[in-house]
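**Q** give the three-dimensional model of this entry:
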Amino acid sequence: AVGDAVEDGEEEEEEDDEETSDEEETSDEEEDDEDGKKEKKKGDSNILEETDLLLGDGGDDDDDLFGKRKAYEVGFRGYTADCFLIDSILNIGKVEKPTNTGTGTGTGTGTATETGTGGGDNDKPETEVKEVEAAYVPGTFRKGEEVTPELVETKFKEIVEHRGKRTYPHKWVVNSLRTLKTISEENDIGPALSCLILYTIALMHFDHTGGVNKYMKLSLWAMAHDDLLDLFELLLANENITIGAIDFENGQEENLLDTNKPISISGDIVVIIGRLAGEYIKSLRNLDHHSPDYISRLSDDVVLYNIICIAEKYAKRMDRGTQARIAMMKVEHIYYKAAIPKIEPRGPTRYLPSEVEAMEEDFDEELLLSKPPTTWLANDNCDQFDEMVKSLCEFIYTLPQDFVEYKTFRLKSILCNIFHCALFDEWETARDMMLMCKIQDEMRNSDDIAMKILFNRTMAQLGLCAFRAGDIYRSQTCLQDMFNSSRVRELLAQGTMKYSDKTNEETKLEKMRQTPFHMHINHEFLEAVFLSSAMLLEIPYIAQKQHDPTRTRQPIKGFQKQFYGYAKQPFNGPPEQNREKIMSASLNMLKGNWKRSSELILGLDVWNLSRDVKTVKEMLTDRIKHESLRTFVFANGGYYDTLSLNVLAEEFELDMKVVRGIVSKMVFKREIVASLDTEENVIVFGREEPTTIQLSCLELADKIAQFVDTNEKMVDAKFGHGARTNTQHGGTQQKQGNYRGNRHRFQMQHTRSHRSQYKGRSGANQGWGK
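**A** Sure thing, here's the model as predicted:
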């Protein structure tokens, strides 16, 4: 028992010794931590002092540095990207402490150097200097380094190598290039390197432009415009400098330093202008066209046009390919305009009205616009605007066929030229160009959707031009294929369908192809022209067919469907919409009330959108009178033996010669079975009714034609156009002329469908005429 007690006592003593030793170790660790914190604080103070030495002197110009030092002091939570950039640039290591020899007292001045004085064996003071050296920043010059063209080019390449890297932000690269340009100009290095730096800066602005539905910020767009304008001013001032493609494979080299030779810089300046124009169009697509933001953004159109004009002046020293690309860009920018007004020089818009409202009240309005450019060519040739478009298109026509984009440029310039001629009511010129170039055949085999949209816009403008010129049939022919479908806005890229089976990717691509609002063709005006033209053509035919079923031709289905639907309604209220007014006018024309029909048609407000409103209304009044006369003769000719021309002239308020000409043409074309008595000025109607078997054969032929048409639609829907073949003579041969979409496209005269023709009809008509 005693031995156990002794052992227990020894164990307790050992445990007490261990506890005391642990306490001593803990106290030592705490002392070490306190010392470490003090050293860390001292090291941080040294780091900040080194940063002050390398980046500034702590004065008023170093406000940014103060913010960085403050963020560094608050620890990890306040550590910002700017602090990280400082750490990556500067050598933030431990600073070696100065050593003193001997014994004595030492005095230090500054943070980068310390001097010590004291006495030793020889009683001679020794001084040891330690400098903090910063890490090399790409693109910067060391102290005392001579600035030469070769060195500036080397620094430029060093900066450009860090483009797109995460450790070097985009803003740092741009600012470094601007600083390098300033240093180059201060040391008179030459304009070649300045052009190269400006070209690179202008190209870098488009590195971060957003996605499909996001457009470039206006402030960034204005900066890109200003840099591009500065570049063009340098190029125009130095004719020996060119920016273009260089064929390195054939031994061509880029020349920046040899002033004895022409200076050539590798690049494509047309691409930058194209990107600038593309971002401008994208912003207009995404802005609400009823808001002030759209109007403010649209004011930059003349600014962009000025850049294109300056580029055209610069391109005169370039090859024909570059000149053609800039000419095509200029044509696309102005082909849809009726005129270009002269505007005073102005800079691009930097902020939208909605963005200004969200800012503070003391916002400086002078920052809304950039400074006006010194070179302003937008007002040149404004008086000869019509001839300018034609001359640009003719220049593109003469390109050599081995040019890469010859076929695309040629087709696009032809469509733009036709659109422009139709806009200025040059109907015959536009019609001949459309027929001679055979654009319909090329578009049928084309897969370029943007080109098809331009073709549809050109056909729509051509139809409007034909209507203003009084050619009602060709106007309806140009618009028929478009209005036979229910996708007029989609075909013109002026809107999308609410309900469709398209995927999200297809919907995004379709939104990218939309036409800006200021380029739209008014849909109500287009619809009024089509329905009015169809009314003037279809109402006489409907009246003729009601009393003579043997008269058949291809109907205008889009109009007849709406007309029969309106006529079958038991009660029709006062017409309000344009479509209802035209249908009501058609019904009155069929009844012979041409005055009410003319009143409804001329009362449409859309006619005010025409270039010459008075001429259009006079043309409509005359055509309504003529077609109402023909409709009356078709509908009531069976009830008369003779009909006086004087009565017709008085009823429809037409000249006697006009009435005689209309009736003579109807008799000559065998539209009515009658003869004209010139002595008595009367129409003598004949009586020759078709037999029962003839009527049955005609009815059977119409039903077969409907059956064939339905069958072809089913085949086209399943296999596509061109799948129908015939096997005549034992072979397989594709049918010609059965393409439904091209059946009545821009024909020059009336034709009858081959399906509804009756072989014995012409002979029968001759018999009835006798």
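**Q** quick one, strands of the stretch 651-770 of the chain?
**A** 674-677, 682-685, 725-726, 733-734 (DSSP state E, counting those that start in this stretch).
**Q** what about this protein, any weak spots by pLDDT?
**A** In the predicted model, the chain carries pLDDT under 70 at residues 1-137, 210-212, 360-370, 550, 687-690, 720-770.
**Q** which residue is nearest the centroid of it?
**A** residue 281 (4.2 Å; Cα atoms, centre = their mean).
**Q** roughly how far does that one sit from residue 494?
**A** Residue 281 is 14 Å from residue 494, where distance means Cβ to Cβ, to the nearest Å. Every residue, glycine included, has its C-beta placed from N, CA and C.
**Q** do residue 265 as well
**A** Counting by Cβ to Cβ, the gap from residue 265 to residue 494 is 41 Å.
**Q** same check, this time on residue 599
**A** 31 Å.
**Q** who's more crowded, those two?
**A** For residue 599 and residue 494, the more surrounded residue by other Cβ atoms under 10 Å is residue 494, and the numbers stand at 20 against 14.
**Q** mind listing what the more buried one touches?
**A** By Cβ atoms under 8 Å, 6 or more residues apart in numbering, the residues touching residue 494 are 514, 515, 520, 521, 523.
**Q** closest one to residue 613 out of those residues, please.
**A** Nearest to residue 613 out of these is residue 521 (Cβ to Cβ; 17.7 Å).
**Q** now do the SS call for that closest one.
**A** Residue 521 falls in the coil class when you classify it by DSSP: H, G, I helix; E, B strand; the rest coil.
**Q** list phi and psi for it.
**A** As for residue 521, its main-chain torsions (degrees, to the nearest 10) stand at phi -90, psi 120.
**Q** what about the residue nearest to it when sequence neighbours are not counted, which SS state?
**A** Spatially, and ignoring its direct neighbours in sequence, residue 521 is nearest to residue 460 (5.4 Å; Cβ to Cβ, 6 or more residues apart in numbering). With three-state DSSP as the basis, residue 460 sits in helix.
**Q** just checking, residue 460 touches residue 520?
**A** No. Assessed by Cβ atoms under 8 Å, residue 460 is found out of contact with residue 520, at 10.6 Å.
**Q** so what sits against both of these two?
**A** What both residue 460 and residue 520 touch, as defined by Cβ under 8 Å, 6+ apart, is the set residue 492.
**Q** who has more neighbours, those two?
**A** residue 460 (25 against 17).
**Q** OK, contacts around that one?
**A** Taking Cβ under 8 Å, 6+ apart as the test, what residue 460 contacts is 478, 479, 482, 492, 521, 526.
**Q** in TSV: these, plus secondary structure, distance to residue 194 and neighbour count.
**A** Converted to TSV, those look like this (DSSP: H, G, I helix; E, B strand; the rest coil; distance: Cβ to Cβ, whole Å; neighbours: other Cβ atoms under 10 Å):
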residue	secondary structure	distance to residue 194	neighbour count
478	helix	53	28
479	helix	55	26
482	helix	52	18
492	coil	46	21
521	coil	45	19
526	helix	51	22
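**Q** would CSV of those with distance to residue 454 be doable?
**A** CSV is the format used below for the contacts of residue 460 (distance: Cβ to Cβ, whole Å):
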residue, distance to residue 454
478, 15
479, 16
482, 14
492, 10
521, 12
526, 16
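**Q** which of these lies closest to residue 169?
**A** Using Cβ to Cβ, these come closest to residue 169 at residue 492, 43.5 Å.
**Q** phi and psi next, for the closest one.
**A** phi -90, psi 0.
**Q** and residue 403, how close does it get to residue 335?
**A** 21 Å.
**Q** and the two? Which one has more around it.
**A** Comparing residue 403 with residue 335 by neighbour count (other Cβ under 10 Å), the higher total belongs to residue 335, at 23 against 16.
**Q** check contacts around the more buried one.
**A** Per Cβ under 8 Å, 6+ apart, neighbours of residue 335: 389, 416, 417, 419, 420.
**Q** quick check: the two most widely separated of the residues you listed?
**A** Checking those with Cβ to Cβ, the most distant pair is 389 and 419, at 9.6 Å.
**Q** where exactly do the helices run in the stretch 551-700 of the chain?
**A** 557-567, 578-591, 594-602, 613-636, 645-651, 656-668, 692-719 (DSSP state H, counting those that start in this stretch).
**Q** mind listing residues that contact the fourth one?
**A** In this structure, residues lying in contact with helix 613-636 by Cβ under 8 Å, 6+ apart are 467-468, 470, 472, 532, 536, 539-540, 543-544, 546-548, 589-590, 592, 594, 597-598, 601-602, 607, 610, 643, 648, 651-654, 658-659, 662-663, 666, 671-672, 683.
**Q** just want the angle from that helix to helix 594-602.
**A** 140 degrees (axes from the mean of the first three to the mean of the last three Cα atoms, to 10 degrees).
**Q** residue 420 against residue 389, yeah?
**A** Yes. Residue 420 lies in contact with residue 389 (Cβ under 8 Å); the separation is 4.9 Å.
**Q** show me where the protein has strands.
**A** Counting by DSSP state E, the chain has strands at residues 106-107, 115-116, 241-244, 263-266, 642-644, 674-677, 682-685, 725-726, 733-734.
**Q** okay, those strands in CSV with distance to residue 226 and mean neighbour count next?
**A** CSV is the format used below for the strands of the chain (distance: least, Cβ to Cβ, whole Å; neighbours: other Cβ atoms under 10 Å):
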stretch, distance to residue 226, mean neighbour count
strand 106-107, 54, 11
strand 115-116, 51, 17
strand 241-244, 18, 20
strand 263-266, 20, 19
strand 642-644, 77, 14
strand 674-677, 76, 15
strand 682-685, 76, 19
strand 725-726, 62, 12
strand 733-734, 58, 10
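**Q** quick one, helices of the stretch 201-350 of the chain?
**A** 218-237, 269-286, 292-298, 301-314, 320-334.
**Q** quick one, which of those helices is nearest to residue 203?
**A** That would be helix 269-286 among those, by Cβ to Cβ, at 6.0 Å.
**Q** list the buried ones in the closest one?
**A** By 16 or more other Cβ atoms under 10 Å, the buried positions in helix 269-286 come out as 269-270, 272-273, 275-277, 279-286.
**Q** same question for stretch 307-320.
**A** 307, 308, 309, 310, 311, 312, 314, 315, 317, 318.
**Q** next, the distance between the ends of stretch 227-247.
**A** End-to-end distance for stretch 227-247, by Cα to Cα, to the nearest Å: 27 Å.
**Q** use 2 as the first number from now on
**A** New numbering, starting at 2: the last item is stretch 228-248.
**Q** what's in contact with that stretch?
**A** Contacts of stretch 228-248 (Cβ under 8 Å, 6+ apart): 192-193, 195-196, 199-200, 202-203, 206, 253-255, 263-270, 273-274, 277, 308, 311-312, 314-315, 318-320, 323, 374-376.
**Q** residues in contact with the residue nearest to the centre of the chain?
**A** Per Cβ under 8 Å, 6+ apart, neighbours of residue 282: residue 517.
**Q** mind running it again at 10 Å?
**A** 216, 305, 334, 513, 515, 516, 517, 520 (Cβ atoms under 10 Å, 6 or more residues apart in numbering).
**Q** put the buried members of those into a ChimeraX selection.
**A** Buried members of the contacts of residue 282, defined by 16+ other Cβ under 10 Å, are picked up in ChimeraX with:
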select :216,305,334,515,516,517,520
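**Q** phi, psi for residue 344 please.
**A** According to degrees, to the nearest 10, residue 344 has phi -130, psi 140.
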